[in-house]
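1. Here is my input, please return the structure:
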Amino acid sequence: PFCTFNGGKDVFVDVGTKEIGIDVLRGLTGADRAQTLHMGDQFTRTGNDLLARRACGTVWVDDPGETLASLKLVLEAMQHRGAPR
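-> I've put the predicted structure just below:
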């Protein structure tokens, strides 16, 4: 699951699964699983978002508009609770 790709204008490094990526980010930020939320578009039993479920809570979204609406709800809830952004 680890790879790099250089297609000229499109370059990426795949750190493995999204579970690994989320765990690394949590380690860098000091957040625990209860403080972490993944938003993805994976609705099936396979795919690259599947393992994110093991790393933290997950919100499944259909499109960028739904992602934006979900982020707004999360930020509003954080403000209501007085949580830092």
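2. Just want the most central residue of this protein.
-> In the chain, the residue lying closest to the centroid (C-alpha atoms, centre = their mean) is His38, at 3.2 Å.
3. which one's the longest helix in the protein?
-> helix 64-81 (DSSP state H).
4. which helices and strands sit right next to that helix?
-> Secondary-structure packing of helix 64-81 (3 or more C-beta pairs under 8 Å, 6 or more residues apart in numbering; DSSP states H and E): strand 37-40. The C-beta positions use only the backbone N, C-alpha and C, and glycine is treated the same way.
5. Recalculate using a threshold of 10 Å.
-> Here helix 64-81 touches strand 37-40, strand 57-60, going by 3 or more C-beta pairs under 10 Å, 6 or more residues apart in numbering; DSSP states H and E.
6. Now do the SS call for the residue nearest to Leu51 when sequence neighbours are not counted.
-> Excluding the flanking residues, the one nearest Leu51 by C-beta to C-beta, 6 or more residues apart in numbering is Glu19, at 3.9 Å. Counting by DSSP: H, G, I helix; E, B strand; the rest coil, the backbone at Glu19 sits in helix.
7. Give me the neighbour count for Glu19.
-> Residues lying near Glu19 (other C-beta atoms under 10 Å) number 18.
8. just Gln35 next, same as before
-> Around Gln35 there are 12 residues (other C-beta under 10 Å).
9. Correct me if wrong: it contacts Gly57.
-> Yes: between Gln35 and Gly57 there is a contact under C-beta atoms under 10 Å: 9.5 Å.
10. any low-confidence regions in the protein?
-> Scanning the chain for pLDDT under 70 picks out 1, 42-48, 83-85.
11. same thing but 90
-> The chain contains residues with pLDDT under 90 at 1-21, 24, 34, 39-54, 58, 60-64, 78, 80-85.
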